[in-house]
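Participant: Fold the following.
(one chain, ligands or ions: 1)
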Amino acid sequence: MRKALSVLLTAAMASSLLAACGSSSAPAAAPAETKAAETQATTAAATEAVKEVTEAAKEAEAKGDTITVGFAQVGHESDWRTASTNSVQAALSKENGIDLQFVDCDNDSAAQLEAVRNFIQQGVDYIVIDPIVSTGWDTVLTEADDAGIPVIVIDRTIDDSDKYVSWVGSEFTNEGLAAGAWLKAYVADKGISEVNALVISGTTGSSAQIGRSNGFDKFVESEKWNKLDEQTGDFTQEGGQKVMESYLKSYNGKFNVVVCQNDNEAFGAIDAMKAAGVSYGVDGDVIVISFDACTAGLQKVLAGEINADFQCNPLQGPDCLNIIKKLQAGEKVDQKTFMAEPWYVAEDKLTEITYTNNSGKEVTEPLVHVDQAVVDAAY
Ligand code: AHR
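Facilitator: Take a look at the predicted model:
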């Protein structure tokens with residue numbers, strides 16, 4: 001089963017080009033028109049490749065050569081997650097010679113460990129994990145290693161084990177740092193002298209939560225902002241709404257910034273502020289910061305309801321396929337691949353931010369002003 005299917009996978013890679021827009025190979029903040037042109041240019045080649053792949057997949061299946069991949073997905077908590085699932089399912093597809101065993105772990109860490117153990121028992125060829133939390137992995141990854149099953153980690157990181165072959169995902173601390181750098185520049189531009197911030201964090205212990213909190217907190221410290229509270233909304237709309245409803249009981253009239261660690265939490269927080277008659281966004285009293293930049297999130301940026309949205313790129317399917325293709329061919333794979341991630345804003349006055357990133361390097365990065373074309377090109 002682990003036999004190389006190079007021809008099949010080479011053709012499969014061509015077909016995955018369509019899905020690759022916005023993935024790690026895309027330049028940060030590529031204009032929407034450029035992305036559209038790139039997509040058109042690859043359409044013909046990809047259509048042809050899909051035909052070849054389908055034929056090759058049929059042949060491989062007939063010979064019993066299908067590659068089996070188990071994917072232990074976090075859950076279905078957000079628009080981002082749906083895009084991530086779709087991306088992996090589209091790339092690791094039957095047409096591409098892969099039999100994908102998909103498990104939605106419903107944000108339950110114990111269920112995720114069990115899913116991985118089941119994959120090991122089944123003797124799948126590869127395991128893909130998007131880890132709900134960043135610790136508690138070493139034992140099960142040792143079991144996978146002992147069974148000779150390569151593990152690929154996507155999106156969030158595993159921080160207590162190195163027994164996986166490759167990781168592809170986001171630099172969450174940079175997302176948090178960029179949010180802080182933007183807020184610093186924004187309040188300076190608006191002449192706002194005091195920042196009283198509330199944070200609605202993501203799933204506690206996930207690397208997405210840890211990185212975004214740590215990055216933003218650097219600016220809380222250096223700028224002497226008041227962080228009034230930080231509670232988890234578990235990356236869900238319902239969670240964001242509940243946390244904001246509770247914040248409004250304690251802090252109504254006392255805060256001027258809310259940092260929501262994903263778009264769905266922001267939607268919930270916005271609903272709660274609306275219901276309470278609190279004004280927010282570009283024309284309001286409360287600055288709204290979000291992460292993900294999914295289509296619905298960017299629609300709210302365009303409408304001025306979210307002031308800034310820091311992209312987390314979910315399109316890791318093509319990268320996964322590429323990694324499997326290389327492993328099948330006995331080639332080396334990159335240990336880490338970072339996704340390209342632009343920063344989006346509602347107003348066009350600030351065009352870039354400069355900050356020291358998580359690698360200690362001073363960087364200047366563009367701020368993309370959201371218009372309809374940007375929304376249309378989103379995931
Ligand atoms: O790990 C990525 C995060 O998880 C995204 O920001 C969020 O939407 C998702 O649930």
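Participant: Low-confidence ranges, this protein, go.
Facilitator: Residue ranges of the chain with pLDDT under 70: 1-64.
Participant: What residues does it have near the ligand?
Facilitator: Contacts of the chain with the ligand, taken as C-beta under 6 Å from any ligand atom, map to 77-78, 80-81, 155-156, 208, 235, 262, 291-292, 312. For the C-beta atoms, the positions are set from N, CA and C on the backbone; glycine is no exception.
Participant: neighbour-wise, which of these leads?
Facilitator: Greatest neighbour count in the residues of the chain next to the ligand, by other C-beta atoms under 10 Å, goes to residue 262: 34 neighbours.
Participant: For that residue, give me its contacts.
Facilitator: Neighbouring residues of residue 262 by C-beta atoms under 8 Å, 6 or more residues apart in numbering: 78, 80, 202, 208, 235, 290-292, 312.
Participant: Could you list which of those residues belong to strands?
Facilitator: 290-292 (DSSP state E).
Participant: Residue 188: which of the contacts of residue 262 is nearest?
Facilitator: residue 290 (20.7 Å; C-beta to C-beta).
Participant: May I have the beta-bridge partners of the closest one?
Facilitator: Residue 290 has these beta-bridge partners by DSSP bridges: residue 309.
Participant: if we can go back for a sec, show me which pair in the contacts of residue 262 is furthest apart.
Facilitator: Once C-beta to C-beta is applied, the contacts of residue 262 give 208 and 290 as the farthest pair, at 12.9 Å.
Participant: Residue 244: how many residues sit nearby?
Facilitator: Residue 244 has 28 nearby residues by other C-beta under 10 Å.
Participant: out of the residues of the chain next to the ligand, which are inside helices?
Facilitator: 80-81, 208 (DSSP state H).
Participant: List the contacts of residue 358.
Facilitator: So, once contact is read as C-beta under 8 Å, 6+ apart, residue 358 ends up touching 171, 173-174, 177, 211, 215.
Participant: and with 10 Å instead?
Facilitator: Shown in contact with residue 358 (C-beta atoms under 10 Å, 6 or more residues apart in numbering): 171-177, 211, 214-215, 218.
Participant: Switch the contacts of residue 262 over to a markdown table; also include distance to residue 271.
Facilitator: Converted to a markdown table, the contacts of residue 262 look like this (distance: C-beta to C-beta, whole Å):
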| residue | distance to residue 271 |
| --- | --- |
| 78 | 15 |
| 80 | 18 |
| 202 | 18 |
| 208 | 22 |
| 235 | 16 |
| 290 | 14 |
| 291 | 18 |
| 292 | 17 |
| 312 | 22 |
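Participant: With respect to residue 162, which of those residues is nearest?
Facilitator: For those, the nearest to residue 162 is residue 208 (19.9 Å; C-beta to C-beta).
Participant: Pull up the gap between the closest one and residue 312, please.
Facilitator: 7 Å (C-beta to C-beta, to the nearest Å).
Participant: what is in contact with those two at once?
Facilitator: By C-beta under 10 Å, 6+ apart, the residues touching both residue 208 and residue 312 are 80, 155, 169-170, 172, 175, 261-262, 291-292.
Participant: And the helices in the stretch 151-300 of the chain?
Facilitator: 172-190, 207-223, 237-251, 263-275, 295-302 (DSSP state H, counting those that start in this stretch).
Participant: buried residues in the third one?
Facilitator: Meaning helix 237-251. Using 16 or more other C-beta atoms under 10 Å as the test for burial, helix 237-251 gives 237, 239-245, 247-248.
Participant: Kindly export stretch 255-272 (C-alpha atoms) in PDB.
Facilitator: In PDB, the C-alpha atoms belonging to stretch 255-272 read as follows (Å, rounded to 0.1, in the frame of the first residue of the first chain):
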ATOM      1  CA  PHE A 255     -13.900  49.300  27.100                       C
ATOM      2  CA  ASN A 256     -13.000  50.600  23.700                       C
ATOM      3  CA  VAL A 257     -11.400  47.600  22.100                       C
ATOM      4  CA  VAL A 258     -12.500  43.900  21.700                       C
ATOM      5  CA  VAL A 259     -10.100  41.400  20.400                       C
ATOM      6  CA  CYS A 260     -11.900  38.300  19.100                       C
ATOM      7  CA  GLN A 261      -9.500  35.400  18.300                       C
ATOM      8  CA  ASN A 262     -11.500  34.300  15.300                       C
ATOM      9  CA  ASP A 263     -14.300  35.600  13.000                       C
ATOM     10  CA  ASN A 264     -17.100  33.500  14.400                       C
ATOM     11  CA  GLU A 265     -16.400  34.800  17.900                       C
ATOM     12  CA  ALA A 266     -16.500  38.300  16.400                       C
ATOM     13  CA  PHE A 267     -19.900  37.600  14.900                       C
ATOM     14  CA  GLY A 268     -21.200  36.600  18.300                       C
ATOM     15  CA  ALA A 269     -19.600  39.500  20.100                       C
ATOM     16  CA  ILE A 270     -21.100  41.900  17.500                       C
ATOM     17  CA  ASP A 271     -24.600  40.400  17.900                       C
ATOM     18  CA  ALA A 272     -24.300  40.900  21.700                       C
END
